[in-house]
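> Below: sequence and its predicted model.
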Amino acid sequence: MCLGIPGRIIETHESAGLLMGTVDFGGVRREVCLACTPEAEVGSYVIVHVGFAISIVDEAEAQRTLAVLRAIPDAIATELGEPLPAAPGGDTR
Amino acid sequence: MKYLDEYRDPALARKLLAELTATATEPWRIMEVCGGQTHTLVRQGIDDLLPAGIRMIHGPGCPVCVTPLEVLDRAHAIAALPGVVFTSFGDMLRVPGSHTDLLALRARGADVRPVYSPMDAVRIAVAEPAEQVVFLAVGFETTAPANALAVQQADRLGLDNFSVLVSHVLVPPAITTLLEDPDCEVQAFLAAGHVCAVMGWRAYEPIAAKYQVPIVVTGFEPLDLLEGILMAVRQLEDSRAEVENQYVRAVRRDGNTDAQHAIETVFRIADRPWRGLGPIPDSGLVLAPDFARFDAATRFEVGGITTAEHPECIAGEILTGAKLPTDCTAYGTRCTPRNPLGAPMVSGEGTCAAFYAAGRVPRKVEA
C-alpha cells in the first residue's frame, strides 16, 4: 500500500466537506481525496496514495512511474483493487 | 549488460553507469529504504551492474513487512469477533500472524473486506450503522495522511461504529536505529522519494550530519536509482555527508504541508515495535487524545496476545539487510508468495518477493 500511483484528474467535487475528484489511472477510475493538493485542477496529474493525492507531477513523470509499477507483480491490482488494462509494451512479467 | 537494453533510455543508463564506474574507487555499501526501489534494483539487475564492488543493502522499506506480529494477532482477534467488519489494504490480507491470516479468517466466516482507501472503510461505516467497522491503519508516512483524514472524516460525521487499529511507522528513526548498531555496514542511504513527497527531507538533515552519512532522496524508476546511487557515491568519494534530492520531479524540501498538518492533528509520535527490528523510540504514530475514542485496540477486548514467529523465517535479518532472501533455507521452496512463512515474501514491496519475482536463486548471488 506504500506505492503511489499516478493518475489524471478528470473532475472535481466536494463531498462531506472534502475536496474530492475522479482520477483516471491508465483506464481504471477511482474517487480520490484532493484535500492535500488543493491547487490541483482537472487535467492535472497527481500521485495518489490509498485514495489521497499527495503530489502533483507532469504527464511524462506520471507515465514513467506507471511503467515501473506495471513491472511489480500485482502492485497496481493491490493498490487499486483491480489490474490496469494491458500495458502498451505488454511487459507485465 | 543485457539488462540495460530494457531501460526507458538505455543510452542514459549506460552514461550514468560509465560515470559511476569513473567515480567509484571503493566498494561502498548503500542502503535503500523503499520496497519499490528494492523491487526495481532486483528486477532490473542494477545491483549486479554496479562497479567497484558497490553493494546495495535492502533495508526495512516494506510497510507490510515491519508491521509487528502483535498488531497482526490483535487484528486477527478483532476480525474474528461477531458484528465486526474488518477492513484492510489488500496487501495485508495474506500476511501471516502467529496463528492465521485475514484471508483464512474470511474463509472461516469472518467479515473481512479489502479496501482501496481508508475512506472506503468510513463509507462502509456510514452505510452499515449496525456493524462495527475496523480499519487496519498501517504504513509509512505515505499512508499516514490518508488514514489521518479518514479518522477526521469519521469524527466530522459523528460515527461511533468506526475505529482504527493503528500501527504507523516513521522512516527516519529506523535509519537512526540501524546507524546506532555497531555492526552497521551502511555508508549511505537512498531515502524513499514518495515518503519525502509527504514529509520533505528536513528530518534527514540532522541524521546525515550526526552520523556523517550521505542521504539521497531518490525515485524508484531505474534511471532514478542509478542517478541516486551516483549522487551518493560522489558524496562518499568527496567525504561529504549531505541530504541531496535526486527526485526533484515530485519532492520539495518541506514536503506536503497540508498532509503533514493532517498527520499532526490526528496522531502523536510514540515508541513503536517494528517486526524484525524490535522497539524503536519515537518511530510510530498513535491516535492523539482528541481522537483516542477511535482506537480499536481499546474498543475491543481480545485478551492477552502471545506471539510466535515461524521458526524458519529470517525476516528480521532480511529487514536489516544482514542477510539476503537467498540465504534463507525456506526461500522459494517452503516459502513462496502464494504460501509465505513471513511478511517479506507476501508484499510486492518485500525483499523476498522481489527476489522471487526476479527469479533470483542462491548460486547466482555472492555471499
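Received it, and whenever you're ready, just let me know what you need.
> So what's the residue count around B:T265?
The number of residues packed near B:T265 is 14, by other Cβ atoms under 10 Å in any protein chain shown. (Glycine included, C-beta is placed from N, CA and C.)
> Ok, the one 4 residues further on next?
Applying other Cβ under 10 Å, we find 16 residues neighbouring B:I269.
> Let me see the contact set for it.
Listed by Cβ atoms under 8 Å, 6 or more residues apart in numbering or on different chains, the contact partners of B:I269 are B:170, B:282, B:284-285.
> Kindly state the beta-bridge partners for it.
On the basis of DSSP bridges, B:I269 is bridged to B:L285.
> Go through the contacts of B:I269 and single out the one with the most neighbours.
B:L285 leads the contacts of B:I269 on contacts (other Cβ under 10 Å) with 24 neighbours.
> tell me the contacts of whichever residue of chain B sits closest to chain A?
Shortest chain B-to-chain A distance, computed as Cβ to the nearest Cβ: residue-wise this is B:S117, at 2.5 Å. With contact set as Cβ under 8 Å, 6+ apart, B:S117 has these partners: A:30, A:33, A:50-52, B:146, B:150.
> can you do 6 Å?
Each residue near B:S117 by Cβ atoms under 6 Å, 6 or more residues apart in numbering or on different chains is listed here: A:50-51.
> related to what we said a few turns ago, mind picking the two most distant members of the contacts of B:I269?
Greatest spatial distance among those (Cβ to Cβ): B:D282 and B:L285, at 10.1 Å.
> Quick one: the strands in the stretch 1-150 of chain B, in order.
B:29-32, B:55-58, B:84-89, B:111-115, B:132-139 (DSSP state E, counting those that start in this stretch).
> Tell me which of these is the most buried.
strand B:132-139 (a mean of 28; mean count of other Cβ atoms under 10 Å in any protein chain shown).
> Tell me how far that strand lies from the chain's centre.
Offset of strand B:132-139 from its chain centre (Cα atoms, centre = their mean, to the nearest Å): 17 Å.
> residues making contact with that strand?
A:1, B:63, B:67, B:75, B:78, B:83-88, B:92, B:118, B:121, B:124-125, B:147, B:161-167, B:296.
> residues of stretch A:24-38 that come out buried?
A:25-26, A:28, A:30-37 (16 or more other Cβ atoms under 10 Å in any protein chain shown).
> Need the worst-confidence member of those residues.
For these, the minimum pLDDT belongs to A:G26; the value there is 87.
> Residues of chain A that sit close to chain B?
Counting by Cβ under 6 Å from any Cβ of the partner chain, the residues of chain A close to chain B are A:1-4, A:36, A:49-52, A:54-55, A:57, A:61, A:64, A:68, A:72-75, A:78, A:81.
> By proximity to chain B, which residue of chain A wins?
In chain A, the residue that lies nearest chain B is A:G51 (2.5 Å; Cβ to the nearest Cβ).
> What is the neighbour count of the spatially closest residue to B:T306 that is not a sequence neighbour?
Leaving aside its chain neighbours, B:T306 sits nearest to B:S98 (7.2 Å; criterion: Cβ to Cβ, 6 or more residues apart in numbering or on different chains). Neighbourhood size, B:S98 [other Cβ under 10 Å]: 15.
> show me the contacts for B:T40.
By Cβ under 6 Å, 6+ apart, the neighbours of B:T40 are B:220, B:222, B:225.
> Next one: it, what pLDDT does it get?
Per the predicted model, pLDDT is 91 at B:T40.
> now swap in the one 4 residues further on and tell me
On the pLDDT scale, B:Q44 is placed at 89.
> what's the answer for A:G17, then?
pLDDT recorded at A:G17 is 86.
> how close does the nearest residue to it once chain neighbours are set aside sit to A:L18?
Computed as Cβ to Cβ, 6+ apart, the closest residue to A:G17 that is not its neighbour in sequence is B:R156, at 6.4 Å. From B:R156 across to A:L18, the span is 9 Å (Cβ to Cβ, to the nearest Å).
> out of those two, which sits in the busier spot?
Remark: of B:R156 and A:L18, A:L18 carries more neighbours, 16 against 12, as counted by other Cβ under 10 Å.
> got the contact list for the more buried one?
Counting by Cβ under 6 Å, 6+ apart, the residues that A:L18 touches are A:33, A:35.
> ok, now the one 3 residues further on?
The contact partners of A:G21, taken as Cβ under 6 Å, 6+ apart, are A:9, A:12, A:32, A:34.
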